[in-house]
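J.: Build the 3D model from these lines:
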Amino acid sequence: MKRAAVLAALGLSPFGLSAANAQTMTLTSADLKEGATIANEQVFKGFGCTGSNVSPALSWSGAPSGTKSFAVTMYDPDAPTGSGWWHWGSVQYSACRRIVAQGCRRCQKKLMPKGAIQARNDYGAFGYGGPCPPPGDKPHHYQITVFALDVDKLPNAKNDAGSAALVGFDLNSHTLAKATLTGLYGP
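T.: As a prediction, this is how the structure comes out:
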């Protein structure tokens, strides 16, 4: 029997989440619908893109018991880098928090929840950096994911200086459940 079939039979996924937990969380946004084109308001401003670079409003529900905090990421697996592109890594939302307001893209704006940190994105800045695929490329898939975590604070990504890769390392070790919303954007 293949590893994936064995894990499924045990109620687990290859990513360590139980199948039940992975299906109970939901993520929604007033600014983005699953599979829809991302609005110019959320598109990056720079690199040849002329959006407003405003992070989308998000809300989620269905976190499993034992959740101590949440994290939000935005990732483009279609970026022509060999490793994708991290657009956002925002972590350490308290377990009672279930919403991120529109425009919470930078810590300096004081819109971030108390205790939350934002990793450096692949643009080299902190916080949210919207979609901006290369000219002439096909539309890219932008995956916004909320993670329910089993820790109050990530052990390695302790402050805003943490890279998206370091945040990802910690997330893989501490995720109880997650939900993803995917939007599309092309030049």
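
J.: CA only for contacts and neighbour counts going forward, please
T.: OK.

J.: P80 - how many residues pack around it?
T.: Neighbour count of P80, defined by other C-alpha atoms under 10 Å: 12.

J.: do you know how far it is from Q118?
T.: Separation of P80 from Q118 (C-alpha to C-alpha, to the nearest Å): 24 Å.

J.: where are the low-confidence patches of the chain?
T.: For the chain, the stretches with pLDDT under 70 are 1-23, 92-114.

J.: Please enumerate the strands of it.
T.: 26-28, 45-46, 49-50, 58-61, 69-76, 85-94, 99-100, 117-118, 140-149, 175-185 (DSSP state E).

J.: of these, which approaches N159 most closely?
T.: Smallest distance to N159 across those (C-alpha to C-alpha): 6.0 Å, for strand 117-118.

J.: who does the closest one pair up with?
T.: strand 85-94 (antiparallel) (DSSP bridges).

J.: what's across from the closest residue to T175 other than its chain neighbours in the sheet?
T.: Excluding the flanking residues, the one nearest T175 by C-alpha to C-alpha, 6 or more residues apart in numbering is L149, at 4.6 Å. Counting by DSSP bridges, L149 forms beta bridges with S69, T175.

J.: Looks like L149 contacts P155 (just checking).
T.: No - using C-alpha atoms under 8 Å, L149 is not in contact with P155; the gap is 11.7 Å.

J.: okay, those two: which has more neighbours?
T.: Neighbours were counted for L149 and for P155 using other C-alpha under 10 Å; L149 has more, 30 against 12.

J.: which ones are touching that one?
T.: Neighbour list for L149: T67, K68, S69, F70, A71, L171, H174, T175, L176, A177 [criterion: C-alpha atoms under 8 Å, 6 or more residues apart in numbering].

J.: What is the nearest of these to V43?
T.: For the contacts of L149, the nearest to V43 is A71 (21.1 Å; C-alpha to C-alpha).
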